[in-house]
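1. Based on what follows, work out the 3D shape:
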Amino acid sequence: MRQTYMTSLVAVLTILLIVTTNTPADDCIDCHTKVTPGQVQDWLSGAMAESGMTCDMCHGDEHETAEDYLKAEIPDEHVCAECHEDQFDQFTSGKHNLGWATLNALPATHLAPDELMEGGRGCGGCHNMGVKTEAERAKLEEMGYRYQKNSCDECHTRHTFSKQEAQNPHACEMCHMGYDHPQWEMWSSAKHGTRYQAKKVGDMPEGAVAPTCQKCHLPNGTHSNHTAWGFFGVRLPLPEDKQAASDRLTILKALGFIDPDTEEPTSLLDAAKDLDMFRLDDETWQAERDRMLGICSECHAKTYAKEQLEKGDAIIHKADRLMAEAIETVAGLYKDGIIEKPESYPANYPFLLTFMHTNGAQWDEKYDQLSFIDQVLLQMFMKHRMRAYQGFFHVNPDYAYWYGWAEMTKDLGEIKELAKSMRALHH
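-> Numbers count the residues shown, from 1 in each chain. Purely as a prediction, here's the structure:
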């Protein structure tokens with residue numbers, strides 16, 4: 001109650017200060033209280049307004065009427081960096097900064113409606129994160145997606161830009177949930193998350209440990225984040241075990257990173273390296289593993305944490321065995337001419353980095369969907385394999401087994417039956 005009273009008092013005093021000093025912000029507050037009252041309320045309740053900042057510091061001073069609202073500048077990350085240089089430098093060195101570049105590098109992105117990509121109601125709603133070039137910002141402005149130009153407000157939502165909000169696990173929920181990356185569901189329903197929620201409502205002692213997403217992945221307020229295995233759960237060099245090496249190589253072929261005929265690296269592998277999609281050497285991988293071991297060891301014995309993480313590595317190898325068998329089954333259908341190579345595929349081989357293909361470069365109503373067996377293969381990789389290993393590392397039994405491993409075995413069985421039927425019909 002006292003905090004609410006103090007927040008209201010600060011807001012009132014801020015308005016009085018603006019009015020009595022007759023600053024340009026007076027007009028902004030007066031107009032936007034009627035037009036966008038929620039934004040004004042957010043702004044006045046935040047630390048920036050309390051510090052004396054005014055609207056024109058971020059939005060410029062050219063916008064004066066309802067008709068010229070496009071003159072209001074939408075600040076990008078460089079504007080935030082004028083006051084938050086350390087956080088900007090950390091962000092640009094981390095994985096989040098690569099979200100926008102990754103979105104535009106994936107083949108499937110350019111085959112889907114712009115509204116779901118740049119517009120922010122699909123992949124672009126999360127993959128908006130990343131410092132953009134001047135040309136990219138201009139394109140977004142031209143397309144009418146001018147509010148997608150900044151990354152900082154993905155976690156510190158405008159106009160409060162709250163540090164506390166960004167440190168709350170719910171700040172991660174919008175992006176890290178759903179089909180191929182249900183980290184929120186895994187964490188919140190596993191012991192780490194349930195302890196956090198119990199502590200939040202007072203059902204655990206104040207001093208009890210309750211790890212959040214930020215505690216493990218953005219510790220001590222850093223804005224730079226990486227993981228050992230990366231999003232795809234692949235790494236180089238190939239493992240010493242021959243079967244594990246063969247399985248990973250098969251997955252790398254299906255990702256388009258290795259040519260399936262020559263087994264030589266492709267240009268897509270160069271793009272993956274630039275986008276930091278996976279670790280390229282043992283030293284880099286081990287550095288990230290050691291960093292996570294250090295975090296786990298703040299609560300657990302280091303030997304226990306090491307054992308658990310190594311079991312996660314083993315699950316990836318075993319999931320890869322299922323995945324490789326499924327890829328090889330579908331690849332055989334391509335090789336024997338039972339499945340026709342889609343025009344957008346880089347090789348006559350399954351391609352896991354696309355969701356659909358078209359006969360032209362632009363999205364239209366006449367698009368050909370992937371064959372059904374390809375769709376099952378994609379689901380096996382993007383949905384169920386992700387759940388198997390991510391669920392294990394997030395200590396969630398149901399996600400690791402029932403939503404992950406068990407579904408992978410079901411996918412593999414379906415792929416084998418479909419391939420058998422397709423071969424019988426082909427002959």
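2. who's in contact with the nearest residue to L252 once chain neighbours are set aside?
-> Distances taken as Cβ to Cβ, 6 or more residues apart in numbering place I258 nearest to L252, at 4.4 Å, with adjacent residues excluded. (Each C-beta comes from the backbone N, C-alpha and C, glycine too.) Counting by Cβ atoms under 8 Å, 6 or more residues apart in numbering, I258 makes contact with L249, L252, E264, P265, T266, L269.
3. By neighbour count, which of those residues wins?
-> L252 (23 neighbours; other Cβ atoms under 10 Å).
4. Read off the pLDDT value for A112.
-> On the pLDDT scale, A112 is placed at 76.
5. any idea how this structure splits into domains?
-> Following automatic domain parsing, one finds the domains of the chain at 1-70, 80-154, 176-207+234-426.
6. Report the helix or strand with the lowest average pLDDT across this protein.
-> strand 357-358 (a mean of 41; mean pLDDT, DSSP states H and E).
7. outside of stretch 68-77, which residues touch it?
-> 58-60, 62-64, 88, 91-92, 131-132, 137, 146-147, 149-152.
8. ok, now with 6 Å
-> Residues from elsewhere that reach stretch 68-77 (Cβ atoms under 6 Å, 6 or more residues apart in numbering): C58, H59, G60, E62, H63, V131, R146, K149, N150, S151, C152.
9. would you turn the residues you listed into JSON lines with neighbour count?
-> What follows is the contacts of stretch 68-77, written out as JSON lines (neighbours: other Cβ atoms under 10 Å):
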{"residue": "C58", "neighbour count": "19"}
{"residue": "H59", "neighbour count": "16"}
{"residue": "G60", "neighbour count": "13"}
{"residue": "E62", "neighbour count": "11"}
{"residue": "H63", "neighbour count": "19"}
{"residue": "V131", "neighbour count": "20"}
{"residue": "R146", "neighbour count": "15"}
{"residue": "K149", "neighbour count": "20"}
{"residue": "N150", "neighbour count": "22"}
{"residue": "S151", "neighbour count": "24"}
{"residue": "C152", "neighbour count": "22"}
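10. Distance-wise, check the residue nearest to L252 relative to S246.
-> 12 Å (Cβ to Cβ, to the nearest Å).
11. With D374 instead?
-> Distance, D374 to S246, using Cβ to Cβ: 22 Å.
12. More neighbours: which of the two?
-> A direct count of neighbours by other Cβ under 10 Å for D374 and S246 places D374 higher, at 24 against 15.
13. and the more buried one, what are its phi and psi?
-> When read as degrees, to the nearest 10, the backbone of D374 gives phi -60, psi -40.
14. Which one of the contacts of I258 is nearest to E185?
-> Nearest to E185, judged by Cβ to Cβ, of the contacts of I258 is L252 at 28.2 Å.
15. could I get the strand or helix carrying the closest one in CSV with only the CA atoms?
-> Take DSSP states H and E as the rule and L252 turns out to sit in helix 242-254. Taking Å, rounded to 0.1, in the frame of the first residue of the first chain, the C-alpha atoms of helix 242-254 are listed here in CSV:
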residue,chain,number,x,y,z
LYS,A,242,31.8,-43.4,-34.5
GLN,A,243,28.1,-43.8,-34.3
ALA,A,244,27.6,-40.5,-32.5
ALA,A,245,29.8,-38.8,-35.1
SER,A,246,27.8,-40.4,-37.9
ASP,A,247,24.5,-39.3,-36.4
ARG,A,248,25.6,-35.7,-35.9
LEU,A,249,27.0,-35.5,-39.4
THR,A,250,23.6,-36.7,-40.7
ILE,A,251,21.8,-33.9,-38.7
LEU,A,252,24.3,-31.3,-40.0
LYS,A,253,23.5,-32.5,-43.6
ALA,A,254,19.8,-32.1,-43.0
